[in-house]
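**Student:** build me a structure from this.
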Amino acid sequence: MTTVFDPDALECLAAIVEEGGFERAAQRLSITQSAVSQRLRALEAQVGTVLLVRSRPIRPTPAGQLLIKHAKMLRLLRTDLQRDLRELDPSLAQHHREEGRLSVAINADSIATWALPALTPLVQEGFPLEIIHDDQDFTHEWLREGQVVGCVTSVAQSLRGCRVEPLGVMEYVAVAHPAYASEALGGRLTAHNFHRVPFIAFNRKDDLQRDFVAQVFGLRLAGLRQFFVPSSEGQVRAARAGWGVTVVPRLLVQTDLDSGELLDVAPQANYSVPLFWHCWNLTSEALSRLSAVLREAARVALKPLT
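**Tutor:** The predicted structure is shown next:
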């Protein structure tokens, strides 16, 4: 016999993990904290196992991850239903509930360049989007754990139960303030002077700066001094302020390069990162629409993947 889980209890479980605790989950769901605990206990009793690890932050057990993924699938169905109702009769469609958000994981460089314009029409149509950012090498982990319905990632291999399609190639360039580059590097980054200057990376998981130097100069490993600025736009501002060198998407700094505010310190470099769109392999109008707008925007903004 098929087990039927209470949708409100599933949303409660998802909210606890997404909001990082019972109190914030209660606020989001507009219920009491006691009601949150009761729904979770009832769900755990129905499943017959613990669904949350009471750590900081709270995290789901493997069984909890599966149920959260199920909750997000139900969100997709509700979004599809709302869309169909709105097309049938605008007066029949209700506003999206806060807990009905569709979560996607997108790397910060794509958010800073081409992805937000792609998603704008969906937001204007009423899609309840939540964007989670991470390094392009790690966004697929959010999908693997069932916390998002799709992700933009540099990982090409498809995950189980998901489909994947290539988006294109994002070109990267190493930039610095012209005066800083002249003083610290003699105007150009080389295999002999890159160790003299700090590089501005996104965070400690970001290997892009090291990979760039290693690939461009034919090194097996490249040890760098690094600052960490967890924002693509922030990395560019830090470079303008003379903090050091940063490797960022050419799309993000082409205007600064054209105006002379930033200098390409490795003009000989040819460094790019392929990007892929992964999403659940489900029949869903909302998911198809999301995939289509990202695919089209990437086709325009990125170089083809050969």
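**Student:** can you point out the buried residues in stretch 5-19?
**Tutor:** Phe5, Ala9, Leu10, Glu11, Cys12, Leu13, Ala14, Ala15, Ile16, Val17, Glu18, Glu19 (16 or more other C-beta atoms under 10 Å). C-betas here are computed from N, CA, C, even on glycine.
**Student:** domains in the chain, by residue range?
**Tutor:** 1-99, 101-306 (automatic domain parsing).
**Student:** looking at the ones you listed, which is buried most?
**Tutor:** domain 101-306 (a mean of 18; mean count of other C-beta atoms under 10 Å).
**Student:** now, the buried residues of stretch 5-19 that are in helices?
**Tutor:** Judged by DSSP state H, the buried residues of stretch 5-19 include Ala9, Leu10, Glu11, Cys12, Leu13, Ala14, Ala15, Ile16, Val17, Glu18, Glu19 as members of helices.
**Student:** the second one contacts Leu43, doesn't it?
**Tutor:** Same thing as Leu10. Yes: if you go by C-beta atoms under 8 Å, Leu10 and Leu43 touch, sitting 7.1 Å apart.
**Student:** not counting its neighbours along the chain, what's nearest Asp207?
**Tutor:** Spatial nearest neighbour of Asp207, chain neighbours left out: Asp137 (7.2 Å); criterion: C-beta to C-beta, 6 or more residues apart in numbering.
**Student:** did I read that right, that neighbour in a helix?
**Tutor:** No: counting by DSSP: H, G, I helix; E, B strand; the rest coil, Asp137 is not part of a helix but coil.
**Student:** ok, it - contacts?
**Tutor:** Listed by C-beta atoms under 8 Å, 6 or more residues apart in numbering, the contact set of Asp137 reads Thr153, Ser154, Val155, Lys205, Asp207.
**Student:** longest strand of the chain?
**Tutor:** strand 162-176 (DSSP state E).
**Student:** packing partners for it?
**Tutor:** Here strand 162-176 touches helix 208-216, helix 232-240, strand 246-249, helix 250-259, strand 263-264, strand 271-280, helix 285-301, going by 3 or more C-beta pairs under 8 Å, 6 or more residues apart in numbering; DSSP states H and E.
**Student:** who's in contact with the third one?
**Tutor:** In this case it means strand 246-249. By C-beta under 8 Å, 6+ apart, strand 246-249 touches 109, 112-113, 170-176, 199-201, 208-209, 212, 232, 235-236, 238-239, 271.
**Student:** that one pairs with which strands?
**Tutor:** strand 162-176 (antiparallel) (DSSP bridges).
**Student:** what's the spacing between the strand it pairs with and its chain's center?
**Tutor:** 13 Å (C-alpha atoms, centre = their mean, to the nearest Å).
**Student:** hmm, back to that, so which of the contacts of Asp137 is the closest to Lys303?
**Tutor:** Nearest to Lys303, judged by C-beta to C-beta, of these is Ser154 at 14.3 Å.
**Student:** list the residues that contact the closest residue in space to that closest one that isn't next to it in sequence.
**Tutor:** If the residues on either side of it in the chain are set aside, Ser154 comes closest to Gln136, at 4.3 Å by C-beta to C-beta, 6+ apart. The contact partners of Gln136, taken as C-beta under 8 Å, 6+ apart, are Asn107, Asp109, Ser110, Val152, Thr153, Ser154, Val273, Leu275.
**Student:** with Leu66 instead?
**Tutor:** Counted by C-beta under 8 Å, 6+ apart, Leu66 has contacts Gly146.
**Student:** poorly predicted segments of the protein, please.
**Tutor:** Scanning the chain for pLDDT under 70 picks out the ranges 1-2, 82-100.
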